[in-house]
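Chemist: The following block contains a protein sequence and its predicted model.
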Amino acid sequence: MPNTPILDRSVQWRLDAGTIELHEPTYRETVEAILSAGLATEVVGLISAGKEASVYLARYDGAPLAIKVYRLYRTSHRGGRPVKADSMGWRAAHEFEILRQAWKGGVRVPAPARRVEHRLAMRYLGDDDGPAPRLHDVRFGDAEPFLDAVLDGVRRMTRAGVVHGDLSAFNVLVHDGDPWFIDLAQGIRVDRLGTAPWQQLTRAGEALDHGLRALAAYFRRYRLDIDVPSIRSDLVASFDTRGVLR
Ligand SMILES: Nc1ncnc2c1ncn2[C@@H]1O[C@H](COP(=O)(O)OP(=O)(O)OP(=O)(O)O)[C@@H](O)[C@H]1O
Ligand SMILES: [Mg+2]
């Protein structure tokens, strides 16, 4: 888990001992790391540079790939040391696992290819002109079929045992007319409940609620309604097979 005291201590020790560098890798360093890890044979350029991760367009023997590289450092606002190293390898590993689970279940997510440390290679969604647009940036004449497809994808994801932890019009790409779900770093497995099913199912229910509301906010501009409570309770009932939340 990121940010546990033990991890932070060990990271701090490495900082103090000077065995890790205290700066975010540059573009050139990241490109070299991607190539030397064997994730790609060519890096074409940056698709997106965000708060937590950057996404690169790359190629493996000519075939396009998207490579998500988590940032190593985040500034701590809670005082103390100015720089805090997060265990981003863990985030990338989790996103890889959730992507694989959803993809195996037939959900439209970018097929994961490989992960090395905090770098994750997956199918590139887009064409020669650029990456597929985010739903947030797309305007439809008639948005209803797309809304149906999005809700169908959410249901299918649940059947695959996954709840997207950060669903919104920013994390759905419109590719070849279909919705594709990305950014599954906060995804929740609902097929394997471990030792605290109540906790996990509660989190999953809340994430569904939050995600469906975010989608509803986007579709409202077309005067289309999403019945959040009803869809949420159907989905929760479908994965809460032992009735833990009832
Ligand atoms: N497989 C992909 N194919 C094409 N483009 C992608 C792919 N994955 C991500 N992108 C592009 O990169 C952007 C950021 O990806 P993602 O949402 O996974 O990262 P993020 O964690 O939201 O980053 P941040 O929140 O820090 O901006 C997406 O909005 C999309 O434009
Ligand atoms: Mg995102």
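Modeler: The structure has been received and is ready for your questions. Residues are numbered from 1 along each chain as shown. Ligands and ions are numbered 1, 2, ... in the order given.

Chemist: wouldn't A113 be in contact with M122 here?
Modeler: Yes. Contact criterion C-beta atoms under 8 Å: A113 and M122 qualify, at 5.7 Å. The C-beta positions use only the backbone N, C-alpha and C, and glycine is treated the same way.

Chemist: Which residues are in contact with each of those two?
Modeler: Residues touching both A113 and M122 (C-beta atoms under 8 Å, 6 or more residues apart in numbering): L65.

Chemist: out of these two, which sits in the busier spot?
Modeler: Between A113 and M122, counted using other C-beta atoms under 10 Å, M122 has the larger neighbour count: 23 against 19.

Chemist: Tell me the confidence at the more buried one?
Modeler: On the pLDDT scale, M122 is placed at 98.

Chemist: For it, grab phi and psi.
Modeler: For M122, the backbone dihedrals (degrees, to the nearest 10) come out as phi -150, psi 170.

Chemist: Quick check, it in contact with V69.
Modeler: No. Counting by C-beta under 8 Å, M122 sits too far from V69 to count as a contact (12.0 Å).

Chemist: Go ahead and list the helix or strand containing A58.
Modeler: In the assignment (DSSP states H and E), A58 maps to strand 53-60.

Chemist: Pull out the buried residues from the helix or strand hosting T158.
Modeler: Element membership of T158, judged by DSSP H and E, is helix 144-159. Neighbour counts over helix 144-159 (16 or more other C-beta atoms under 10 Å) mark 146-147, 149-151, 153-154, 156-158 as buried.

Chemist: and the helix or strand following that helix, how far from the chain's centre?
Modeler: Heading C-terminal from helix 144-159, the first helix or strand you meet, by DSSP H and E, is strand 162-163. Put simply, strand 162-163 sits 11 Å off its chain's centre (C-alpha atoms, centre = their mean, to the nearest Å).

Chemist: quick one: strands adjacent to strand 162-163?
Modeler: Here strand 162-163 has these sheet partners by DSSP bridges: strand 188-189 (antiparallel).

Chemist: which residues touch whichever residue of the chain sits closest to ligand 2?
Modeler: Residue of the chain nearest ligand 2, by C-beta to the ion: D183 (3.6 Å). Counting by C-beta under 8 Å, 6+ apart, D183 makes contact with 95, 166, 170-171.
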